[in-house]
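Peer 1: Next input, structure requested:
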Amino acid sequence: MPTKTVTPYYTLRKGPVPKPVKRLPFPFRTMEVGHYFDVPRALDHTVRVRASEQGKKYGRQYSVRRVIEKGEERTRVHRIA
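Peer 2: Residues are numbered from 1 along each chain as shown. Sure, this is the predicted structure:
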């Protein structure tokens, strides 16, 4: 892989473009008011962004909260409107 040092801070490299990452299938579109689902804590940011996108796109409201159940940290998404 050819490289070119531009500055001491970064180096330009050539290589193949990575394949796009497939979005995780969260059940936002099938949720009714009062429904909720949990995701692992590692997906906290991802599910918050998706809840915001879905809320704006379909005019719905979601509540995304961190919960600890049985000593396990999770992120819970409720549809509230």
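
Peer 1: Output the below-cut-off pLDDT ranges for the protein.
Peer 2: Applying pLDDT under 70 to the predicted model, the residue ranges of the chain that meet it are 1-3, 5-6.

Peer 1: any chance you could map the strands in it?
Peer 2: Under the criterion DSSP state E, the chain contains strands at 3-5, 11-13, 36-40, 62-69, 72-79.

Peer 1: separation between I80 and G71?
Peer 2: Distance from I80 to G71, counting by C-beta to C-beta, to the nearest Å: 27 Å. Where C-beta positions appear, they are placed from N, C-alpha and C, glycine not excepted.

Peer 1: nope, R50 is what I meant
Peer 2: For R50, the distance to G71 (C-beta to C-beta) stands at 26 Å.

Peer 1: Looking at those two, which has the bigger crowd around it?
Peer 2: Neighbours of R50 and G71, each counted by other C-beta atoms under 10 Å, are more numerous for R50; the result is 19 against 5.

Peer 1: what's the closest non-adjacent residue to that one?
Peer 2: Nearest residue to R50, sequence neighbours excluded (C-beta to C-beta, 6 or more residues apart in numbering): F26, at 5.5 Å.
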